[in-house]
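*Asks:* Sequence and predicted structure, then a few things I'm wondering about:
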Amino acid sequence: MIRQISATVLILITAIPTACAQEIDKLFDRGLAGWYGNQPHQLAKAKPEDREKLRERQRESFSKHWRVEDGCLVNDGEGPYATTDQEYGDIELTLEYSTVARADSGVYLRGTPQVQIWDTTKDGGKWDRGANYGSGGLYNNSKGTPGQLPLVNADRAFGKWNRLRIVQIGARTWVELNHHLVVDGAIMENFWERDMPLPARGPIQLQTHGGLIRWRNIQVRKISAAEAISRLRGDDARFGFTKLSDGNDLSGWIGATDDYELTDGVIRCKPGRGGVLFTQEEYADFIARVEFKLPPGGNNGLAIRYPGKGRASYDGMCELQILDNSANKYAKLDPRQYHGSVYGVAAAHRGYLRPVGQWNYQEVSVQGSRIRVELNGTVIVDTDVSQITTYKDGRDHPGIGLKSGHFGFAGHNDPVEFRNIAIRRLCD
């Protein structure tokens, strides 16, 4: 499966770098300001017409079950979850907690369960659910998937404070518990909609689940696009990736070389120009990494197994769309035309591009007829194109079965920029 050979999975992060203190925001400082009560599981089960009243009741009951005591945020084990007013995307979250026997709890990220907190003892009665493996895992992931169980049991005894450090970039999650890495960049699944990726943004929630729990030193830091790319990407050379441009010229590239320019390591499609710029070498199965920046309304594409002539989207295996989804002129496209989509064949999940003018990071895995696209840490396409027979406009894709071809860019007259392009062969 593509998931198993993704280069991102190969990165072993033994420590999560520490942020500068001035970048960190305190989420709890003596009072309940900035928090409200929300029990999302009750809301999900309620009839749509009853949800607003339920929300009001949950907000009203928040202060009955949550209190401030000795500088800590304390929950009695009942009531709605403590939920931040603010929603977050890519973050580093640190906090400490202390709980009691037979309690369990957790931290919801983007309103989604959860980084698990257990009573890990046998007397806790939940070894059948994996409590014996320890806290910190992504408990609600599918069983057997990376991150669902923690790498080590790092819990401290009752009465002692435990420290959680969570980094979330896209759907990828790293968790340290008491300075031990327990989740290493695993994809956090969307508990609410299993066939959808984790939402791009959402609140932080502290779960209450039947036992008293204390929280303190709750702090969050927003992660910039540059830092996110660095953490997701790691060291290309270490994992066998070869750069496709040395940053000086377009040597190694053929095709529409007159329609692209290279400046300061950035390959840019010239305004009003187009055509396919592609590698001299051909590739069968591979992983490609690329950073790209869209101008307003920008349109380009990644040419996959391109035969050297014709249109990448039809004569090649496919074109993976590079597009400013937010542009008004693209508001009514076929779903299979938006960013990351296998053009005209398979639609990508939307909502994971960074704002126009920021750099995005994308990793594309091609193995046989299977294509996987991960954008800024979130998988937006994972499909076997050989199983798809219905195409946009009913138009055939004669190249879709190609086993090998060139990699490149399919320009469409817009100054889309690319940098740090690297590729790794799999099984030729």
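*Replies:* Noted; the coordinates are in hand. From a predicted model like this one, the values you see are computed outputs, not experimental measurements. Numbering: from 1, shown residues only.
*Asks:* Contact partners for Glu282?
*Replies:* Contacts of Glu282 were listed using C-beta atoms under 8 Å, 6 or more residues apart in numbering, and they are 305, 404-406. Any C-beta I mention is one placed from the backbone N, CA and C, and that applies to glycine too.
*Asks:* Of those, which is the nearest to Asp235?
*Replies:* His406 (25.9 Å; C-beta to C-beta).
*Asks:* in the sheet, who's paired with that closest one?
*Replies:* On DSSP bridges, the residues paired with His406 through beta bridges are Glu282, Tyr306.
*Asks:* Dump the helix or strand where Thr94 lies to PDB, keeping only the CA atoms.
*Replies:* Element membership for Thr94 (DSSP states H and E) is strand 91-99. Taking only C-alpha atoms (Å, rounded to 0.1, in the frame of the first residue of the first chain), the coordinates of strand 91-99 have been written out as PDB:
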ATOM      1  CA  ILE A  91       0.000  23.900  16.600                       C
ATOM      2  CA  GLU A  92       2.300  22.800  19.300                       C
ATOM      3  CA  LEU A  93       0.200  22.200  22.500                       C
ATOM      4  CA  THR A  94       1.700  21.600  25.900                       C
ATOM      5  CA  LEU A  95      -0.100  20.900  29.100                       C
ATOM      6  CA  GLU A  96       0.100  18.900  32.400                       C
ATOM      7  CA  TYR A  97      -2.500  16.700  34.000                       C
ATOM      8  CA  SER A  98      -3.100  14.700  37.100                       C
ATOM      9  CA  THR A  99      -5.900  12.200  37.500                       C
END
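*Asks:* other SSEs contacting it?
*Replies:* Other elements packing on strand 91-99 under the criterion 3 or more C-beta pairs under 8 Å, 6 or more residues apart in numbering; DSSP states H and E are strand 105-109, strand 162-169, strand 213-222.
*Asks:* Just the buried positions in the second one, please.
*Replies:* Going by neighbour count (16 or more other C-beta atoms under 10 Å), the buried part of strand 162-169 is 162, 164-169.
*Asks:* Okay, angle between that strand and strand 91-99 too, please.
*Replies:* With axes from the mean of the first three to the mean of the last three C-alpha atoms, to 10 degrees as the criterion, the two stretches strand 162-169 and strand 91-99 enclose an angle of 160 degrees.
*Asks:* who touches strand 162-169?
*Replies:* The contact list for strand 162-169 (C-beta under 8 Å, 6+ apart) reads 16, 90-98, 107, 109-110, 115, 117, 135-136, 155-156, 173-179, 188, 223, 228, 231-232, 376-377.
*Asks:* Give me the mean pLDDT for the lengthiest helix in the chain.
*Replies:* The single longest helix within the chain, with elements called by DSSP state H, is helix 51-65. What helix 51-65 shows for mean pLDDT is 93.
*Asks:* Touching the helix or strand following that helix from outside, list them.
*Replies:* Past helix 51-65, further along toward the C-terminus, the next helix or strand under DSSP H and E is strand 66-69. Outside strand 66-69, the residues within contact range by C-beta under 8 Å, 6+ apart are 30-32, 35, 37, 73-76, 79, 82, 214.
*Asks:* ok, 10 Å please
*Replies:* Taking C-beta atoms under 10 Å, 6 or more residues apart in numbering as the criterion, the residues outside strand 66-69 that touch it are 28-32, 35, 37, 73-76, 78-82, 206, 208, 214-215.
*Asks:* Of these, grab the buried ones for PyMOL.
*Replies:* Under the burial definition 16+ other C-beta under 10 Å, those of those that qualify are selected in PyMOL by:
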select buried, resi 28+35+37+73+74+75+79+80+81+82+206+208+214+215
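*Asks:* The contacts of strand 66-69 in strands, which ones?
*Replies:* Applying DSSP state E to the contacts of strand 66-69, the entries found in strands are 35, 37, 73-75, 81-82, 206, 214-215.
*Asks:* follow-up on the earlier one: any idea how far the strand holding Thr94 is from the chain center?
*Replies:* Centroid separation for strand 91-99 versus its chain: 21 Å, with C-alpha atoms, centre = their mean, to the nearest Å.
*Asks:* List the pairing partners of that strand within its sheet, with orientation.
*Replies:* Applying DSSP bridges, you get strand 162-169 (antiparallel), strand 213-222 (antiparallel) as the partners of strand 91-99.
*Asks:* between the first one and strand 105-109, how big is the angle?
*Replies:* Inter-element angle recorded for strand 162-169 and strand 105-109: 20 degrees (by the same axes, to 10 degrees).
*Asks:* The helix or strand just after strand 162-169 packs against which elements?
*Replies:* Moving toward the C-terminus from strand 162-169, the next helix or strand (DSSP H and E) is strand 172-177. Contact analysis of strand 172-177 by 3 or more C-beta pairs under 10 Å, 6 or more residues apart in numbering; DSSP states H and E lists strand 91-99, strand 105-109, strand 112-117, strand 162-169, strand 180-187, helix 225-233 as its packing neighbours.
*Asks:* Average pLDDT for strand 172-177, rounded please.
*Replies:* Per-residue confidence for strand 172-177 averages out to 98 on the pLDDT scale.
*Asks:* quick check: domain ranges of this protein?
*Replies:* Here the domain parsing of the chain from automatic domain parsing is 2-223, 236-425.
*Asks:* wait, doesn't His179 sit right on Arg156?
*Replies:* No: His179 is not in contact with Arg156 according to C-beta atoms under 10 Å; the separation is 11.1 Å.
*Asks:* who's more crowded, the two?
*Replies:* Relative neighbour count places Arg156 above the other of His179 and Arg156, with 14 against 9, counting by other C-beta atoms under 10 Å.
*Asks:* Could you pull up the mean pLDDT of stretch 331-348?
*Replies:* According to the model, stretch 331-348 has a mean pLDDT of 98.
*Asks:* Show me which residues of it are buried.
*Replies:* Residues of stretch 331-348 classed as buried: 333, 336-348 (neighbour count, 16+ other C-beta under 10 Å).
*Asks:* just stretch 88-101 next, same as before
*Replies:* Under 16+ other C-beta under 10 Å, the buried positions of stretch 88-101 are 88-99.
*Asks:* got any ranges where the stretch 251-400 of the chain has weak pLDDT?
*Replies:* Low-confidence segments of the stretch 251-400 of the chain, defined by pLDDT under 70: none present.
*Asks:* which residues of it fall in strands?
*Replies:* 253-255, 260-263, 266-269, 274-283, 286-293, 299-306, 318-323, 359-367, 370-375, 378-384 (DSSP state E, counting those that start in this stretch).
*Asks:* Out of the ones you listed, which gets nearest to Val416?
*Replies:* Go through those one by one with C-beta to C-beta and the one that ends up closest to Val416 is strand 299-306, at 4.0 Å.
*Asks:* Dump the C-alpha coordinates for the closest one into CSV.
*Replies:* The C-alpha trace of strand 299-306 is given here as CSV (Å, rounded to 0.1, in the frame of the first residue of the first chain):
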residue,chain,number,x,y,z
ASN,A,299,-3.4,27.1,-12.5
ASN,A,300,-0.7,24.4,-13.2
GLY,A,301,-0.4,20.7,-12.7
LEU,A,302,2.0,17.9,-12.0
ALA,A,303,2.5,15.7,-15.0
ILE,A,304,2.7,12.0,-14.0
ARG,A,305,4.2,9.4,-16.3
TYR,A,306,4.2,11.9,-19.2
